[in-house]
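Enquirer: Turn this into a structure:
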Amino acid sequence: MVIRNARFVPHHRPASAAALLAATALVLAGCTVPTAEGDDGRTGENFQVREPSGPTLVLDSSDPAELALTASQAFFHASPVAVLASADDAGDRSTAAATGAAVNAPVLLTDGGVSGANIVAELDRLGADTVVVIGDEQAAAEAGAATGDAEVVPFDPGALSAAAEAAASARGADDRDERKKPSAAKVEMPTADRLDQADVDSLRAEIPDVTDPQLLQEILVAVDPKLGQEAAIGTALAAGAVPVEVPGGNIATSPETVETIRTLKPLGVVGIGDGFGTADDLGWQVAVATSGQTLPNGALRLFPGRYVSTSYTVPAGVADPAAAAAQAVDAAALNGDLLDGAPLVTLVASVRSSAPGDDGDYVDEQPLELITPAVDAIREAGQLVLLDIAPGDQPLAAQLDDLEPLLTKPGVGLSVHPEFRMAGNGAETGTVPVAELQAVVDRLAKIATEHGLPQVMLEVHQSTAASVVDRANLTIPPQVAVVFTAAAPGVGQATADGVWADVAGDLPPQTFLGWSAPSDVPADPTTIMPTEPLLGLVSAG
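Expert: Next up is the predicted model:
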């Protein structure tokens, strides 16, 4: 039997069960390994856990019964035993979850968004000939048709587990306060040790004994336990997944969770709950947590916060780009102090050209070997970098291939100017379709995920919101922070009130605003800066 790596501690199981853990896992490349299995000691029936396909998986149904069913399908290929409880009772859900974890059985729920026929079909798929129904003989009888032809074993522990008590208490508090939603209440992790061992031993004597079950190895289940998720979590624990609590469902905002994942280096992660976004979103969070790469302040996300930028052009043919960049770093630090934000340097990576040039795009790109030392110097000073690119007649993303070696460095983002776009390739002069901007966002997200990078900033300069056609349809993945900066009418001037109102109106969801500061900033800059909506970036170039 393959023993779990020492860095993984299956703390949701009694010590006596720890030796039973064996090797099955996801491979981050996306392929799978054989399903782990054991035998039912009484009948020889097969016991198999299932590796969810892909390196990350999210189970996000808001219906407890549906969530429980998808968890069973995700984690179990076969099981001679299943646990059943009512979706309407928080205490029974928690007790069922702890029971499933204790006897290595998937947990299903009745009375929810899943029909009795669906539950019977799942029991047939699992090959479950025994169903443990939470409650007394009456509860077992009421389960009725949902148990199919399986033998029914009632399980009514002498006392509610701590998890069940916590869940019931949380539910009661919600019922007394209409302002709260029951689904948002946090519950205790429904682990096996929440049950009295004597009750578990008594139950084991009545159900098939799965001997030496080989469980999932080095698979994490990320949870922010909420009411309704208990059964799904219990099924994950029953299959051998190791739980890690993620406050708010956001790995990137929890240093403790990041450190846990970085230490454990899981082979696969399953998120339970809608706070994790898509599987790709969770995949990025896991990748960046594992990579150890951070922003200059040690965080993985850029916001909440404020940044203050200063523009900087690498002079052509300069002898020491790094030394020249140091001047921009000093200027950014001064601006940051003055305007109360983290310093950021905008480095010009390309400029518009009046001639098409060899590649016909009307853009002159700065040589990579010239700007790389400047980027490195800015990053070594602990500041963020935005690569400013000028559009020609090609899509905004056309220059990213050449810049990717720099965009794979943490803390390096991009700044674009849709209003400078020339006509061609589906765009009219001075505008870009939202699909063109979306291509830039998606490309940055892909780079961040593939290289385990913290969140990447994309600044979009606008003097009118209409310069991105159908801007409201832009979709923002968590890997990218998009800032729409309301442009100034001229160098050294502040953003005009009309421009601010236009650019700030009807922003796409999950985006931020930037504003241009004047050269003459008063001692108290808050007297001139807009306060609604909140500023994410101040351009002080």
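Enquirer: Phi and psi next, for the spatially most central residue of the chain.
Expert: When the chain is reduced to its mean C-alpha position, the nearest residue by Cα atoms, centre = their mean turns out to be residue 282, at 3.6 Å. Its backbone dihedrals place residue 282 at phi -60, psi -40, with angles given as degrees, to the nearest 10.
Enquirer: give me every residue that touches it.
Expert: For residue 282, the contacting residues are 56, 57, 58, 222, 251, 269, 271, 276, taking Cβ atoms under 8 Å, 6 or more residues apart in numbering as the criterion. C-betas here are computed from N, CA, C, even on glycine.
Enquirer: quick one: secondary structure of the residue nearest to residue 496 when sequence neighbours are not counted?
Expert: If the residues on either side of it in the chain are set aside, residue 496 comes closest to residue 489, at 5.4 Å by Cβ to Cβ, 6 or more residues apart in numbering. Three states are possible here, and by DSSP: H, G, I helix; E, B strand; the rest coil the one that applies to residue 489 is coil.
Enquirer: Find me the pLDDT at residue 489, would you?
Expert: As predicted, residue 489 sits at a pLDDT of 84.
Enquirer: what does residue 75 give?
Expert: In this model, residue 75 is scored at 95, pLDDT.
Enquirer: what does residue 417 give?
Expert: Looking at residue 417, its pLDDT is 94.
Enquirer: do you know how far it is from residue 516?
Expert: Going from residue 417 to residue 516 by Cβ to Cβ, to the nearest Å gives 13 Å.
Enquirer: give me the number of residues near the closest residue to residue 64 other than its chain neighbours?
Expert: Using Cβ to Cβ, 6+ apart and skipping the chain neighbours, the partner closest in space to residue 64 is residue 228 (3.9 Å). Summarising burial for residue 228: neighbours were counted as other Cβ atoms under 10 Å, giving 27.
Enquirer: tell me the secondary structure for the most far-flung residue of the chain relative to its centre?
Expert: If you look at how far each residue of the chain sits from its centre, by Cα atoms, centre = their mean, the farthest one is residue 355, at 44.1 Å. Assigned by three-state DSSP, the conformation of residue 355 is coil.
Enquirer: Would you mind confirming that it is in contact with residue 362?
Expert: Yes - taking Cβ atoms under 8 Å as the contact criterion, residue 355 and residue 362 are neighbours in contact, 7.1 Å apart.
Enquirer: mind listing the helices for the stretch 51-200 of the chain?
Expert: With DSSP state H, counting those that start in this stretch as the criterion, the stretch 51-200 of the chain has helices at 64-75, 90-103, 116-126, 137-143, 162-176, 197-204.
Enquirer: re the thing from before, tell me, how many residues neighbour the residue nearest to residue 496?
Expert: 12.
Enquirer: Identify the residues contacting it.
Expert: For residue 489, counting by Cβ under 8 Å, 6+ apart, the contacting residues are 463, 496, 499.
Enquirer: where are the low-confidence patches of the stretch 251-400 of the chain?
Expert: Judged against pLDDT under 70, the low-scoring parts of the stretch 251-400 of the chain cover residues 316-317, 360.
Enquirer: Please report the confidence value the model assigns to residue 484.
Expert: On the pLDDT scale, residue 484 is placed at 97.
Enquirer: Next, it: secondary structure please.
Expert: Each residue gets one of three states, and residue 484 gets strand by three-state DSSP.
Enquirer: Tell me how far it lies from residue 537.
Expert: Separation of residue 484 from residue 537 (Cβ to Cβ): 9 Å.
Enquirer: Could you tell me which residues touch both of those two?
Expert: In the contact map built from Cβ under 8 Å, 6+ apart, the residues linked to both residue 484 and residue 537 are 512, 513, 514.
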